[in-house]
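Asker: Please work out how this folds:
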Amino acid sequence: MKSLTGVAVAALALTTLAACGSDDEGGSGDGGDGGPETADIRVWLNGTDTPQEARDWLKETFEEDHPGSTLTIEQQEWDGLVEKLTTALSSESETPDVVEIGNTQAPTFTSAGAFSPLTDELDDLGGDDLLPGFVEGATVDGETYAVPYYAGSKYIFYRKDLFEKAGLEVPTTLDEFVQAAITLKQENPKPANFSGFWFPGQDWRNGAAFVWAAGGDLATDDGGEWTGALSSPESVAGLETAQELFTQASGAPKDGNEADPWTPFCAGEVGMMSTPGWVKGLLEDPETGCPDGFAKEVGVFAMPGADGSPAPVLLGGSDIAVAAKSANQDLAEEAVALMLSEDYQTIMAGAGLTPARTSLASLLGDDEYAAATQEAASNAKLTPAAPGWANVEGSRVLEDLFSAIAQGGDVQELATKADEQMGSQLNG
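Answerer: Numbering: from 1, shown residues only. Below is the predicted model of the structure:
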């Protein structure tokens with residue numbers, strides 16, 4: 001893992017390289033004869049969120065629309081993505097043409113000049129129909145450098161049969177949720193690693209909800225200067241709630257990450273988990289390993305907040321952008337346009353992902369999963385729009401904080417230390 005200094009230096013390098021521009025800007029495949037541009041467009045997609053059907057549609061449609069060109073999808077992993085992008089986007093020879101980036105990571109790369117501006121194309125890509133919070137987070141000094149790809153508010157998947165066995169009702173307040181999680185753990189002593197609420201130690205993305213629900217925050221902006229806010233009384237109260245769940249309700253590894261929670265869920269080791277809606281498809285997929293008929297025992301609800309309204313969960317999701325160093329700017333923009341098309345976004349919605357276009361939200365359906373998605377999104381929050389937020393994520397200070405809390409550390413002391421670490425990262 002690259003040090004903070006390394007990330008900052010690389011970000012500065014991105015700014016310098018982007019300012020220099022590229023002699024081939026506009027497409028290296030033109031050949032100088034005025035003919036149609038052709039190239040192999042490399043698209044980086046992260047993790048497994050994008051369904052295979054969407055990937056196939058994008059490749060086939062792009063290549064049909066652009067004879068002689070090809071589109072190659074290269075899957076990246078979220079872990080270590082910030083550093084990998086920092087390196088790749090600085091190199092004309094190594095840069096992909098189109099990249100997916102987490103919406104929480106976008107501000108750092110847009111501020112560093114790693115992406116080409118899409119301001120002039122914004123109306124054609126969806127304009128006011130695009131998820132506004134995502135567009136705002138990728139806009140610097142009036143220029144928009146990335147557009148939304150999909151969103152996904154997390155909500156609670158729970159075992160109806162285990163709730164009934166323990167005499168539990170769906171919780172309507174945060175206190176009731178915490179108590180239900182503890183009760184499920186107590187009522188299911190086997191296996192020993194059973195979780196009333198699946199909450200691995202590094203899972204700050206779910207942990208942030210407890211900080212926000214208590215009135216705290218991850219960081220705050222004071223006149224353009226960002227500082228960590230985890231050591232405030234409100235934030236500490238939220239972190240103490242997280243610690244209660246870590247120690248009394250979760251059997252997940254105290255130093256583990258939140259990857260693949262459906263695996264222990266399908267194995268009968270979890271009563272509740274907080275995941276995006278697209279997990280529903282995995283629970284119904286026999287290749288995931290869930291027992292036959294398992295999905296029928298699963299219900300969903302939006303995590304409740306302190307006052308009974310939906311808790312302010314993290315509004316996750318991704319942006320897509322054209323790399324500033326790409327030699328195939330026009331073709332890359334056409335690939336982005338296809339990814340925002342109704343056909344492509346319909347496939348994404350079918351997988352439980354909130355479409356990039358607000359007018360397509362009805363594609364999520366009208367069942368309990370769609371209702372939970374909309375309810376969770378009604379009070380969802382974004383991470384701080386600090387220019388150096390990607391540095392915070394890249395340094396893993398939040399994973400370290402929550403893992404130490406999960407292992408019983410002093411919350412106030414740990415939060416104060418995390419604020420100090422973030423202090424030199426948040427402002428880029």
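Asker: gap between the helix or strand hosting residue 62 and the chain center?
Answerer: Here residue 62 sits within helix 52-65, counting by DSSP states H and E. Relative to the centre of its chain, helix 52-65 is centred 24 Å away, using Cα atoms, centre = their mean, to the nearest Å.
Asker: Need the residues that contact it.
Answerer: For helix 52-65, contacts defined as Cβ atoms under 8 Å, 6 or more residues apart in numbering pick out 41, 43, 45, 69-73, 334-335, 338-339, 343-344, 347-348, 350-351. (Each C-beta comes from the backbone N, C-alpha and C, glycine too.)
Asker: how does it look with 6 Å?
Answerer: Here helix 52-65 makes contact (Cβ atoms under 6 Å, 6 or more residues apart in numbering) with 70-71, 73, 335, 338, 344, 347-348.
Asker: Same check on stretch 78-85?
Answerer: Under the criterion Cβ under 6 Å, 6+ apart, residues 2, 46-47, 390, 394 lie in contact with stretch 78-85.
Asker: Only the buried residues of that stretch, if you could.
Answerer: The neighbour-count check on stretch 78-85 (16 or more other Cβ atoms under 10 Å) flags 78, 81-82, 85 as buried.
Asker: quick one: low-confidence parts of the stretch 301-428 of the chain?
Answerer: By pLDDT under 70, the stretch 301-428 of the chain contains no weakly predicted segment.
Asker: now do 80
Answerer: Counting by pLDDT under 80, the stretch 301-428 of the chain has low-confidence residues at 352, 374, 377-378, 428.
Asker: What are the boundaries of the strands in it?
Answerer: Secondary structure of the stretch 301-428 of the chain, counting by DSSP state E, counting those that start in this stretch: strands at 315-322, 354-355.
Asker: go on, the stretch 1-150 of the chain?
Answerer: 40-46, 70-76, 98-102, 139-140, 143-144, 147-153.
Asker: one step back: biggest separation within the contacts of stretch 78-85, which pair?
Answerer: Across these, the longest distance by Cβ to Cβ is 20.6 Å; it joins 2 and 47.
Asker: In what element of secondary structure is residue 259 found?
Answerer: Following DSSP H and E, one finds residue 259 outside all helices and strands.
Asker: tell me the contacts of it?
Answerer: Listed by Cβ under 6 Å, 6+ apart, the contact set of residue 259 is empty.
Asker: Now it: phi and psi?
Answerer: Note on residue 259: its backbone torsions stand at phi -70, psi 140 [degrees, to the nearest 10].
Asker: Distance of residue 264 relative to residue 194?
Answerer: Distance, residue 264 to residue 194, by Cβ to Cβ, to the nearest Å: 9 Å.
Asker: Please apply the same query to residue 321.
Answerer: 42 Å.
Asker: Run a quick neighbour tally on residue 237.
Answerer: Neighbourhood size, residue 237 [other Cβ atoms under 10 Å]: 16.
Asker: nope, residue 343 is what I was after
Answerer: Using other Cβ under 10 Å, residue 343 has 11 neighbouring residues.
Asker: Apart from its chain neighbours, what residue comes closest to it?
Answerer: Leaving aside its chain neighbours, residue 343 sits nearest to residue 57 (6.8 Å; criterion: Cβ to Cβ, 6 or more residues apart in numbering).
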